[in-house]
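K.L.:
Structure here, sequence nowhere to be found:
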């Protein structure tokens with residue numbers, strides 16, 4: 001299936017990550033629009049199906065359900081099964097009426113959310129809990145704290161507005177009681193959210209909350225992206241924990257890898273500052289501590305550029321850890337990367353260029369193994385209020401990789417953000433300036449790489465081969481995305497316009513021959 005079709009279908013049902021089980025085996029679907037997306041993840045049962053096929057489903061789904069729809073859903077659900085509904089015709093009455101109607105129909109543990117944008121019109125990127133204003137305030141202010149009296153007053157006014165304004169649509173999740181004689185909420189003891197609530201104080205997140213509020217966020221992008229649930233204790237203006245969940249099986253592999261690498265870093269003597277701490281690994285994904293701060297790009301200007309580049313280099317040197325004297329031949333890894341690159345892009349490259357790249361990489365000396373983050377970029381690096389760095393998204397990371405590759409990747413993207421080159425299509429010009437030490441970005445890149453190389457004991461002769469190797473390595477994911485986009489082998493013309501191939505052209509200094 002082409003990526004655009006798959007992405008549209010899967011993102012339409014991202015609300016499933018609000019459920020106790022986002023992977024139901026069977027679903028009663030009372031919505032024509034949601035049937036096709038749901039077929040991607042579950043066995044769909046229609047209301048016209050025989051009664052024995054409808055009985056005992058894990059999930060029931062409806063849009064603007066009638067009393068008859070809710071009665072049918074309740075009878076079809078297994079004890080403890082989940083209900084998901086979308087309401088667009090109740091704007092004047094709001095979440096209180098939605099919750100009341102669901103409880104009258106015999107459901108419990110009702111939670112209402114406001115999705116933005118309306119998922120019937122475009123893929124939603126956030127679902128805000130309607131029980132309290134703090135998660136929406138956190139989202140709107142981009143996690144920025146303030147003492148400015150005007151901003152403080154503005155936030156107070158927004159909270160009042162929140163309480164008065166009706167929201168549309170309303171998405172509601174609820175649960176069928178566990179069975180005759182069970183206490184309300186009895187089935188929730190096995191849910192991940194209830195486990196998190198009970199473990200809250202033991203994880204040193206604060207007193208155990210009476211309930212946990214969830215802000216669900218799905219970043220726009222590919223179907224293989226992750227969905228995050230930011231977890232708030234009642235009354236908190238910032239989340240204490242984050243649940244990361246994968247839409248697809250291939251993305252789930254990255255989530256599990258993140259847990260392994262973060263546990264590895266936590267097991268180091270003294271740990272590693274500025275990384276999340278893994279709290280739990282439920283079937284849905286992983287739960288980790290929430291990091292504070294704003295993306296580095298929010299602070300980027302001419303005055304701060306060199307200092308931020310140096311700060312990143314120092315942080316990555318800390319990630320490398322102390323030098324124990326071990327060195328590893330890189331030839332096997334290099335041969336694998338080069339062979340893969342040739343198989344993907346060899347049809348659009350001159351064979352002489354490939355030989356030149358191979359010759360350059362053969363000069364790579366033995367290097368110390370380090371932990372590679374492999375997505376160390378301005379959007380994943382946060383600057384905390386006290387000036388420290390925190391780093392998100394470790395799905396691509398490895399515990400024993402090559403040094404400098406993270407910093408090379410970061411310095412290229414820092415310049416691209418600074419020059420706004422990702423918007424105006426001038427990424428080659430921007431990257432070219434990072435290779436010139438007389439420019440602002442080039443001077444900062446040279447100084448940062450020198451600092452890192454000294455602290456991590458990299459011989460200067462290794463830096464150029466490592467720069468080339470970085471673009472070969474990252475071209476793998478770009479090729480995979482191009483293949484997904486077309487549902488097969490990418491067109492040669494599209495390969496020639498590859499982003500990382502452009503960076504490699506500049507790195508090799510022979511644009512005309514590539």
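P.N.:
Everything's here; your move. Because the structure is a prediction, the values reported are computed rather than measured.
K.L.:
Report the contact partners of residue 309.
P.N.:
Taking Cβ atoms under 8 Å, 6 or more residues apart in numbering, we find residue 309 in contact with 411, 414, 444-445, 447-448. For the C-beta atoms, the positions are set from N, CA and C on the backbone; glycine is no exception.
K.L.:
Identify, from those, the entry nearest to residue 283.
P.N.:
residue 414 (37.5 Å; Cβ to Cβ).
K.L.:
Spit out the contact partners of the nearest residue to the closest one once chain neighbours are set aside.
P.N.:
Distances taken as Cβ to Cβ, 6 or more residues apart in numbering place residue 378 nearest to residue 414, at 5.7 Å, with adjacent residues excluded. Contact analysis of residue 378 by Cβ under 8 Å, 6+ apart lists 295-297, 300, 410, 413-414, 417.
K.L.:
10 Å instead, please
P.N.:
Residue 378 is in contact with 295-300, 308, 312, 410, 413-418, counting by Cβ atoms under 10 Å, 6 or more residues apart in numbering.
K.L.:
thinking again about what came up before, go through the contacts of residue 309 and flag which are in helices.
P.N.:
Members of these lying in helices (criterion: DSSP state H): 411, 414, 444-445, 447-448.
K.L.:
hang on, the earlier thing: turn the contacts of residue 309 into JSON lines, including neighbour count, pLDDT and distance to residue 366.
P.N.:
Output for the contacts of residue 309, formatted as JSON lines (neighbours: other Cβ atoms under 10 Å; pLDDT from 0 to 100; distance: Cβ to Cβ, whole Å):
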{"residue": "411", "neighbour count": "25", "pLDDT": "98", "distance to residue 366": "24"}
{"residue": "414", "neighbour count": "25", "pLDDT": "97", "distance to residue 366": "29"}
{"residue": "444", "neighbour count": "23", "pLDDT": "98", "distance to residue 366": "29"}
{"residue": "445", "neighbour count": "26", "pLDDT": "97", "distance to residue 366": "25"}
{"residue": "447", "neighbour count": "15", "pLDDT": "97", "distance to residue 366": "26"}
{"residue": "448", "neighbour count": "24", "pLDDT": "98", "distance to residue 366": "23"}
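K.L.:
which of these sit farthest apart?
P.N.:
Checking those with Cβ to Cβ, the most distant pair is 414 and 447, at 12.9 Å.
K.L.:
Mark out where each domain of this structure begins and ends.
P.N.:
1-113+167-186, 294-513 (automatic domain parsing).
K.L.:
Looking at those, spot the one closest to residue 258.
P.N.:
Using Cβ to Cβ, the domains of the chain put domain 294-513 closest to residue 258, at 4.1 Å.
K.L.:
residues touching the closest residue in space to residue 254 that isn't next to it in sequence, list them.
P.N.:
Excluding its sequence neighbours, the residue lying closest to residue 254 (Cβ to Cβ, 6+ apart) is residue 395, at 3.2 Å. Each residue near residue 395 by Cβ under 10 Å, 6+ apart is listed here: 224, 226, 244, 246, 251-259, 261, 373-375.
K.L.:
Now restrict the residues you listed to buried residues only.
P.N.:
Buried by 16 or more other Cβ atoms under 10 Å: 224, 226, 244, 246, 251-252, 254-255, 257-259, 261, 373-375, out of the contacts of residue 395.
K.L.:
Filter those residues down to the ones in helices?
P.N.:
Going by DSSP H, the helices hold 251-252, 254-255, 257-259, 261 from the buried ones among the contacts of residue 395.
K.L.:
of the residues you listed, the lowest pLDDT goes to which?
P.N.:
Lowest pLDDT within these is found at residue 251 (87).
K.L.:
thinking that residue is in contact with residue 218, fair?
P.N.:
No. Using Cβ atoms under 10 Å, residue 251 is not in contact with residue 218, being 12.0 Å away.
K.L.:
overlap in contacts of these two?
P.N.:
225-227, 245.
K.L.:
which one of these is nearest residue 38?
P.N.:
For the shared contacts of residue 251 and residue 218, the nearest to residue 38 is residue 227 (16.2 Å; Cβ to Cβ).
K.L.:
Could you pull up the contacting residues of that closest one?
P.N.:
11, 14-18, 22, 127, 216-219, 243-247, 251, 284-285.
K.L.:
my read: residue 77 touches residue 83, true?
P.N.:
Yes. Using Cβ under 10 Å, residue 77 is in contact with residue 83, at 6.9 Å.
K.L.:
Tell me which residue is most central in the protein.
P.N.:
Most central in the chain under Cα atoms, centre = their mean is residue 226, positioned 4.5 Å from the mean C-alpha point.
K.L.:
give me the beta-bridge partners of it?
P.N.:
In this entry, residue 226 is beta-bridged to residue 246, by DSSP bridges.
K.L.:
contacting residues for it?
P.N.:
Here residue 226 is in contact with 17, 217-219, 244-248, 251-252, 254-255, 258, 285-286, 393, 395 (Cβ under 10 Å, 6+ apart).
K.L.:
Kindly recompute the last result at 8 Å.
P.N.:
219, 244-247, 251, 254-255, 285, 395 are the contacts of residue 226 under Cβ under 8 Å, 6+ apart.
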